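Engineer: With the sequence up front, the predicted model follows.
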Amino acid sequence: MEEEVRKCIEKIRPFLQKDGGDIDLVSVEGGVVKVRLQGACKGCPMSQMTLKAVVEQTLKKDVPGVERVETV
């Protein structure tokens, strides 16, 4: 599952980089994906919305078994 998550994050990354942000995969523990937001995303007040609306929804759609995404 971790490799599928990595591939999916690579698809999401350009969307975040376009606005000056980035994302790194920290771990996959069961159905929980832990990521670290960077750049403009790190301090952005909209980062939690981006996390849920873009990152989590894309991962849930593309990678079977993903239940939620958390930031660290």
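Structural biologist: Done, it's in. Computed from a prediction, not measured in an experiment: that's the story for all the values here. Numbers count the residues shown, from 1 in each chain.

Engineer: any weak-confidence spans in the chain?
Structural biologist: Across the chain, nothing is flagged by pLDDT under 70.

Engineer: all helices of it, in order?
Structural biologist: Secondary structure of the chain (DSSP state H): helices at 2-18, 40-43, 47-50, 57-62.

Engineer: Ok, which of these comes nearest residue 29?
Structural biologist: When the helices of the chain are compared by CB to CB, helix 2-18 sits nearest residue 29, at 9.9 Å. Every residue, glycine included, has its C-beta placed from N, CA and C.

Engineer: Give me the contacts around the closest one.
Structural biologist: Residues outside helix 2-18 that contact it (CB atoms under 8 Å, 6 or more residues apart in numbering): 22-23, 25, 28, 33, 35, 37, 39, 41, 50, 54-55, 58-59, 62-63, 66.

Engineer: quick one on the thing from earlier: rebuild the helices of the chain as a markdown table, extending it with mean neighbour count and distance to residue 71.
Structural biologist: Below are these laid out as a markdown table (neighbours: other CB atoms under 10 Å; distance: least, CB to CB, whole Å):
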| stretch | mean neighbour count | distance to residue 71 |
| --- | --- | --- |
| helix 2-18 | 14 | 13 |
| helix 40-43 | 14 | 9 |
| helix 47-50 | 14 | 7 |
| helix 57-62 | 16 | 13 |
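
Engineer: ok, residue 71 - contacts?
Structural biologist: Per CB under 8 Å, 6+ apart, neighbours of residue 71: 34, 35, 36, 37, 47, 48, 51.

Engineer: wait, what's in contact with the first one?
Structural biologist: Meaning residue 34. Contacts of residue 34 by CB under 8 Å, 6+ apart are 25, 26, 27, 28, 69, 70, 71, 72.

Engineer: Tell me how many other residues crowd residue 70.
Structural biologist: 13 (other CB atoms under 10 Å).
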